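*Asks:* give the three-dimensional model of this entry:
(one chain, ligands or ions: 1)
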Amino acid sequence: MAKNVLITGGSRGIGKAIAERLNAEADFLKIYAPSSKELDQSFEASIESFKEKAELNNDPLYGLIVNAGIHHSEHFEDYSVKNWNRVIDVNLNGAFYIIKHFIENLKLHGERNQGDYPRIILSSSVSAYTGEQYAPAYAASKAGLIALAKSLALEFAKYKITVNCVCPGWVKTYMALKQMGNDSEAVKNNLGATLQDRWIEAEELAETYLYLLSGGAKAITGQQINVTAGLDL
Ligand SMILES: NC(=O)c1ccc[n+]([C@@H]2O[C@H](COP(=O)([O-])OP(=O)(O)OC[C@H]3O[C@@H](n4cnc5c(N)ncnc54)[C@H](OP(=O)(O)O)[C@@H]3O)[C@@H](O)[C@H]2O)c1
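*Replies:* Residues are numbered from 1 along each chain as shown. Sure thing, here's the model as predicted:
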């Protein structure tokens, strides 16, 4: 059975690791993992143009992984409206745009493959429920994704489409390393706050996405899966 999956933010980090993991599975036919240049999820025109170039207008989609995200850290008094809007635009509004543009493709897969339960997975964050000092827009956008997933899980149940969030802790990617400023003391302190005192590797996290795409996960909907190495305890 042809299973196509689209992953936003597929050029590096978690998105790239998910794409590589799925490519190793025979179950998946086409894995689309565009960079932000190919598909900027904060601009509807870019989504439309990607759809046309990838000839995805009338293709069924089994999995939609809304993973692209940006982070901005600054003291609240200095936090500009522009930076606030940019983070919300990419992380939260972008998820809305992407789902809006691909819901028909997901429905099509479900209609052609009854009982398959097409999947939407959103990359949220532990910050959604712990909050994040100096990153209010990021934490708010990630909390918004959890509410979006629950709301759409309720609405899309009639199409037999599931919607879930993955909430990671510290994953060793460009984003997390930039947040810690390549400062070994900051790395030590942040990882020390986890129960396992370690990074989560992107390849390791990709297994959670693979599970949520598996047949065994079709009853999971409207949930958040926390993969934090114990950061939230
Ligand atoms: N790393 C962590 O510790 C961590 C923890 C919790 C949650 N997360 C979440 O996991 C997701 C992936 O993060 P990551 O750690 O892999 O970060 P990353 O290494 O910085 O990768 C981010 C990806 O998002 C893409 N992107 C950025 N802006 C975009 C836009 N407007 N439209 C489309 N794509 C865009 C980037 O594409 P380009 O390279 O083309 O710019 C890149 O592929 C994010 O949503 C992040 O918030 C990460």
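
*Asks:* quick check: longest strand in the protein by residues?
*Replies:* In terms of residue count, the longest strand belonging to the chain (DSSP state E) is strand 162-168.

*Asks:* can you give me the strands for the protein?
*Replies:* Using DSSP E, strands in the chain cover 5-7, 31-32, 63-66, 119-123, 162-168, 224-227.

*Asks:* so which bits of the chain are right by the ligand?
*Replies:* For the chain, the contact set with the ligand under CB under 6 Å from any ligand atom comprises 8-9, 11-15, 35-37, 39-42, 67-70, 90, 123, 125, 168, 170-171, 173-176. Yep, even glycine has a C-beta here, placed from its N, CA and C like the rest.

*Asks:* kindly reformat the strands of the chain as JSON lines containing mean pLDDT and distance to A217.
*Replies:* Below are the strands of the chain laid out as JSON lines (pLDDT from 0 to 100; distance: least, CB to CB, whole Å):
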{"stretch": "strand 5-7", "mean pLDDT": "98", "distance to A217": "14"}
{"stretch": "strand 31-32", "mean pLDDT": "96", "distance to A217": "18"}
{"stretch": "strand 63-66", "mean pLDDT": "98", "distance to A217": "11"}
{"stretch": "strand 119-123", "mean pLDDT": "98", "distance to A217": "8"}
{"stretch": "strand 162-168", "mean pLDDT": "98", "distance to A217": "8"}
{"stretch": "strand 224-227", "mean pLDDT": "98", "distance to A217": "9"}
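
*Asks:* for those strands, give me TSV that also has mean neighbour count.
*Replies:* Listed next are the strands of the chain as TSV, based on neighbours: other CB atoms under 10 Å:
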stretch	mean neighbour count
strand 5-7	27
strand 31-32	21
strand 63-66	27
strand 119-123	26
strand 162-168	25
strand 224-227	18
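
*Asks:* redo these as CSV? Include distance to E55.
*Replies:* Below are the strands of the chain laid out as CSV (distance: least, CB to CB, whole Å):
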stretch, distance to E55
strand 5-7, 13
strand 31-32, 11
strand 63-66, 17
strand 119-123, 21
strand 162-168, 26
strand 224-227, 32
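
*Asks:* where does the chain have low pLDDT?
*Replies:* Scanning the chain for pLDDT under 70 picks out 1.

*Asks:* count of residues packed around the spatially closest residue to Y134 that is not a sequence neighbour?
*Replies:* Among residues not flanking Y134 along the chain, S73 sits closest, at 4.7 Å (CB to CB, 6 or more residues apart in numbering). A count of nearby residues for S73, using other CB atoms under 10 Å, gives 16.

*Asks:* who are the contact partners of S73?
*Replies:* Counting by CB atoms under 8 Å, 6 or more residues apart in numbering, S73 touches Y134, A135, Y138, Q179.

*Asks:* which one of the strands of the chain lies closest to G94?
*Replies:* When the strands of the chain are compared by CB to CB, strand 63-66 sits nearest G94, at 7.3 Å.

*Asks:* tally of neighbours for the residue nearest to G69 when sequence neighbours are not counted?
*Replies:* Leaving aside its sequence neighbours, G69 sits nearest to N91 (CB to CB, 6+ apart; 4.9 Å). When neighbours are defined as other CB under 10 Å, N91 has 27 of them.

*Asks:* against which helices or strands is the helix ranked longest in the chain packed?
*Replies:* Counting by DSSP state H, the longest helix found in the chain is helix 136-156. If you count contacts as 3 or more CB pairs under 8 Å, 6 or more residues apart in numbering; DSSP states H and E, helix 136-156 packs onto helix 81-88, helix 94-112, strand 119-123, helix 127-130, strand 162-168.
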